[in-house]
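A.B. asks: Take a look and give me a structure for this.
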Amino acid sequence: MNKVAIAAVLTAGLALAGCEANVKEEGEMPSVDVDVSGDAGELPEIDVETADVEVGSEEVTVDVPDVDVTMPSEK
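C.D. replies: I've put the predicted structure just below:
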């Protein structure tokens with residue numbers, strides 16, 4: 001089970017390493033007046049650029065050795 005957790009953490013790390021986030025506008029905490037009203041605040045505007053991934057395949061010929069197997073005779 002630990003190997004699965006380690007693989008998940010490594011996968012998440014690779015996924016996060018492939019992203020670049022630039023904050024375009026800073027956020028603002030909400031202003032709250034408990035007695036009367038509150039201002040909702042504002043979330044920051046973030047521009048995220050993900051990594052370009054190209055997936056493909058190619059056909060390759062692999063030479064394999066010829067193997068002769070001699071089984072022991074049964075008595």
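A.B. asks: what about the strands in this protein?
C.D. replies: 19-25, 45-50 (DSSP state E).
A.B. asks: count of neighbours near the nearest residue to residue 21 once chain neighbours are set aside?
C.D. replies: Distance criterion C-beta to C-beta, 6 or more residues apart in numbering; nearest residue to residue 21, sequence neighbours excluded, is residue 48 at 4.8 Å. The C-beta positions use only the backbone N, C-alpha and C, and glycine is treated the same way. Residues lying near residue 48 (other C-beta atoms under 10 Å) number 8.
A.B. asks: residue contacts, the spatially most central residue of the chain?
C.D. replies: Nearest residue to the geometric centre of the chain (C-alpha atoms, centre = their mean): residue 15, 2.4 Å. For residue 15, no contacting residues are found, by C-beta atoms under 8 Å, 6 or more residues apart in numbering.
A.B. asks: same question, residue 48
C.D. replies: Taking C-beta under 8 Å, 6+ apart as the test, what residue 48 contacts is 19-22.
A.B. asks: Nice, that's everything, thank you.
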